[in-house]
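*Asks:* For reference, the sequence and a predicted model appear below.
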Amino acid sequence: MYRPEIKVVDCTVRDGGLMNKWQFDDAFVTQVYQALSKAGVDYMEIGYLSSESAFSRDEVGPWKFCAEEDIQRVTGGEKSLKLSAMADIGRIEYEDIPGKSDSSLDLVRVACYVHQIDAAIELAHHCMDKGYEVTINLMAVSTVGLRDLNEGLEDLAKSRVPIIYLVDSFGAFYSEDIDLLARKYVERLPGKIIGFHGHNNQQLAFANTIAAIIAGVNYLDGTLYGIGRGAGNCPLELLVSFLKNPKFRVRPLIQAIEAQILPWRKKIDWGYFVPYMVTGIMNQHPRSAMAHMESDNKDQVAEFYDQLTRPT
């Protein structure tokens with residue numbers, strides 16, 4: 001499966017931070033950064049770009065903002081791989097995004113829902129004009145009707161944004177769904193690069209990433225040990241092992257998992273759990289499952305199943 005055009009994006013700090021409000025210490029972020037560099041991973045998504053007015057630093061860690069001084073501190077001022085940050089529509093102002101010459105970031109990934117595509121294109125073009133590589137990550141596609149999706153893809157096709165992501169936000173898709181949608185994206189977005197970001201509610205993030213690769217997707221997301229919101233993501237170590245690209249080395253990832261990820265496994269729950277499975281098969285946002293997992297009744301999974309499947 002070696003294709004030199006494939007790029008791997010690690011989202012450990014950004015997506016994993018959704019489980020602990022980005023309260024990773026410097027040692028965590030530095031070791032992940034160094035491991036990804038040694039492993040040959042193409043991009044590290046080190047967090048979010050967010051407005052200080054939208055979030056309080058008393059509640060969230062520094063990787064919700066990705067200030068340049070924080071990036072410099074954990075990288076030692078030396079760039080050994082490309083850095084990315086995600087920007088959510090409605091949570092960032094244009095003036096909060098520095099020019100590329102003043103930032104260690106290389107890539108800004110603009111996340112939006114289908115009704116926000118126009119705003120996402122404007123923000124993405126703004127970031128491009130400031131010198132960044134840019135993607136638009138179209139979220140929650142499993143909830144979008146065919147007409148709205150086709151119209152959204154038509155708008156994206158007219159934009160200057162070179163990379164468009166298919167995102168299985170709720171972990172609801174099966175591999176045949178990914179095959180169909182990825183091919184649709186490739187067909188309706190001529191000349192653009194397609195990416196894929198999957199969630200693991202049904203233990204299919206890795207399988208669905210493979211389906212996306214076969215369908216022509218070339219930007220692939222993963223996280224160390226699958227850490228991420230709710231059910232988590234495609235495990236990066238599995239993805240890198242599968243790709244068979246000689247530039248990749250798996251052992252540095254395993255070392256970082258041992259030193260930094262496994263200790264967090266004892267503090268927070270991510271990955272396959274029945275509540276996340278239930279929201280996945282029902283094509284729902286995992287917020288209810290996350291709340292259940294944070295409650296004192298997290299092992300009462302039949303009760304959760306009954307609550308979500310009870311006729312209304």
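*Replies:* Right, received. Where do you want to start? Just so we're clear, the structure is a prediction, and the values are computed from it rather than from any experiment.

*Asks:* What segments of the stretch 151-300 of the chain are strands?
*Replies:* Taking DSSP state E, counting those that start in this stretch, the strands of the stretch 151-300 of the chain run over residues 163-168, 193-198, 219-222.

*Asks:* packing partners for the shortest one?
*Replies:* In this case it means strand 219-222. strand 7-10, strand 163-168, strand 193-198, helix 205-214, helix 236-243 (3 or more CB pairs under 8 Å, 6 or more residues apart in numbering; DSSP states H and E). Bear in mind the C-beta positions are built from the backbone N, C-alpha and C, glycine included.

*Asks:* Same list, these, but as CSV with mean neighbour count, distance to residue 108 and mean pLDDT please.
*Replies:* Formatted as CSV, the helices and strands packed on strand 219-222 follow (neighbours: other CB atoms under 10 Å; distance: least, CB to CB, whole Å; pLDDT from 0 to 100):
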stretch, mean neighbour count, distance to residue 108, mean pLDDT
strand 7-10, 23, 12, 98
strand 163-168, 24, 11, 98
strand 193-198, 24, 14, 98
helix 205-214, 22, 22, 98
helix 236-243, 20, 21, 97
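
*Asks:* Redo those as a markdown table? Include distance to residue 77.
*Replies:* Formatted as a markdown table, the helices and strands packed on strand 219-222 follow (distance: least, CB to CB, whole Å):
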| stretch | distance to residue 77 |
| --- | --- |
| strand 7-10 | 20 |
| strand 163-168 | 28 |
| strand 193-198 | 29 |
| helix 205-214 | 33 |
| helix 236-243 | 25 |
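
*Asks:* Let me know which of these is the nearest to residue 143.
*Replies:* With CB to CB as the criterion, residue 143 lies closest to strand 163-168 of these, at 11.0 Å.

*Asks:* Which positions within the helix or strand that contains residue 302 qualify as buried?
*Replies:* Using DSSP states H and E, residue 302 maps to helix 301-309. The neighbour-count check on helix 301-309 (16 or more other CB atoms under 10 Å) flags 301, 304, 308 as buried.

*Asks:* In terms of distance to residue 188, which of the residues you listed ranks first?
*Replies:* In terms of CB to CB, no member of those lies closer to residue 188 than residue 308, at 33.5 Å.

*Asks:* That closest one is in contact with residue 282, isn't it?
*Replies:* Yes - counting by CB atoms under 8 Å, residue 308 touches residue 282, with 6.1 Å between them.

*Asks:* Sketch out the low-pLDDT regions of the chain for me.
*Replies:* Along the chain, the model assigns pLDDT under 70 to residues 1.

*Asks:* domain ranges for it?
*Replies:* Here the domain parsing of the chain from automatic domain parsing is 7-265, 274-309.
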